[in-house]
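[1] just coords:
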């Protein structure tokens, strides 16, 4: 993807939803998604497992282009501790590519190797420019989960996707994902894919469930340029069976 590409963000309301009844089904999900909410059972209501990606935030103090085509961003956190954020051709930039003075949040693999040097270095899969308004962001692989009526649930068990036919679902380069897959099942095509989900209000449940709104404006989804991977092929994080309800046997 071109690093100068701008991904225009939606303005998401900061309203919080008080919750939904734990034993109520609304309606069945179809290929276009739905506004259905799913019951939360005792078996799945534990704390989410370790996130696949971890964030690091700070103000950019230096930007250095690399011969390989990547960019290194030196940042400082609120305590003036430095870190180096490394981007490459796989890195997605949300909003404009940062410049000196920008405040950013970079997301890197939680279990990714980091050289034992100072300042620490992080290989970013996603860099979000915090100068734009983003209410909530979740980056993870999402899988069809039979415990929640076939809805897509993040691998860490922290987020369930509710969306509708108006929700924007884009590839990393902002191509319309629905148009690309044609008549194929949207849910099936997103199963196992690495997604960036930008969202507003959620239910107060575990997993939290996105609330798309009538016009789909509260949820925006990016499908990253990586092939689908299934749970049995990924590391098993603590409590993942209990948290997300995946059958990994």
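    Cool, the structure landed. A quick note: this is a predicted structure, and the numbers were derived from the prediction, not measured. Residues are numbered from 1 along each chain as shown.

[2] Name the SS class of residue 196, please.
    State at residue 196, reduced to three classes by DSSP: H, G, I helix; E, B strand; the rest coil: strand.

[3] Any figure for the gap between it and residue 206?
    21 Å (C-beta to C-beta, to the nearest Å). Using the backbone N, CA and C atoms, a C-beta is placed for each residue, glycine as well.

[4] Neighbour count: those two, which is higher?
    The neighbour comparison of residue 196 against residue 206 (other C-beta atoms under 10 Å) goes to residue 196, with 23 against 18.

[5] and residue 189, what helix or strand is that in?
    helix 186-190 (DSSP states H and E).

[6] average model confidence for that helix?
    What helix 186-190 shows for mean pLDDT is 95.

[7] and what of stretch 162-170?
    95.

[8] Buried residues, that stretch. List them.
    Buried positions in stretch 162-170, judged by neighbour count with 16 or more other C-beta atoms under 10 Å: 162-164, 167-170.

[9] Inside strands: which ones of those residues?
    Cross-referencing the buried residues of stretch 162-170 against strands under DSSP state E gives 168-170.

[10] residue contacts, the residue positioned nearest the centre of the chain?
    In the chain, the centroid-proximal residue (C-alpha atoms, centre = their mean) is residue 139; its distance is 2.2 Å. By C-beta atoms under 8 Å, 6 or more residues apart in numbering, the contact set of residue 139 is 52-53, 107, 125-126, 194-197.

[11] ranges for the helices of this protein?
    177-181, 186-190, 240-244 (DSSP state H).

[12] And stretch 103-119, what's buried?
    By 16+ other C-beta under 10 Å, the buried positions in stretch 103-119 come out as 104-108.

[13] can you redo those residues as CSV with distance to residue 151?
    CSV is the format used below for those (distance: C-beta to C-beta, whole Å):
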residue, distance to residue 151
104, 31
105, 27
106, 29
107, 23
108, 27
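
[14] I'd like the distance between the residue of the chain most remote from its centre and residue 189.
    Residue farthest from the centre of the chain, counting by C-alpha atoms, centre = their mean, is residue 67 at 29.4 Å. Here the criterion is C-beta to C-beta. By it, residue 67 lies 37 Å from residue 189.

[15] could you pull out the strands for this protein?
    Using DSSP E, strands in the chain cover 53-65, 71-76, 82-87, 92-94, 103-109, 121-129, 136-145, 151-154, 159-161, 168-171, 194-199, 208-209, 219-223.

[16] Make TSV out of those and add distance to residue 229.
    TSV is the format used below for the strands of the chain (distance: least, C-beta to C-beta, whole Å):
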stretch	distance to residue 229
strand 53-65	14
strand 71-76	27
strand 82-87	22
strand 92-94	17
strand 103-109	13
strand 121-129	14
strand 136-145	6
strand 151-154	13
strand 159-161	17
strand 168-171	17
strand 194-199	8
strand 208-209	23
strand 219-223	13
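
[17] Indicate which one of those strands is closest to residue 182.
    Of all the strands of the chain, it is strand 168-171 that lies closest to residue 182, at 13.5 Å by C-beta to C-beta.

[18] Which strands or helices does the closest one pack on?
    Under the contact criterion of 3 or more C-beta pairs under 8 Å, 6 or more residues apart in numbering; DSSP states H and E, strand 168-171 touches helix 177-181, strand 219-223.

[19] how far off strand 121-129 does the last one point, in degrees?
    On the basis of axes from the mean of the first three to the mean of the last three C-alpha atoms, to 10 degrees, strand 219-223 is oriented at 140 degrees to strand 121-129.

[20] Dump the helices and strands packed on strand 168-171 to CSV, plus mean pLDDT.
    Listed next are those as CSV, based on pLDDT from 0 to 100:
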stretch, mean pLDDT
helix 177-181, 96
strand 219-223, 96
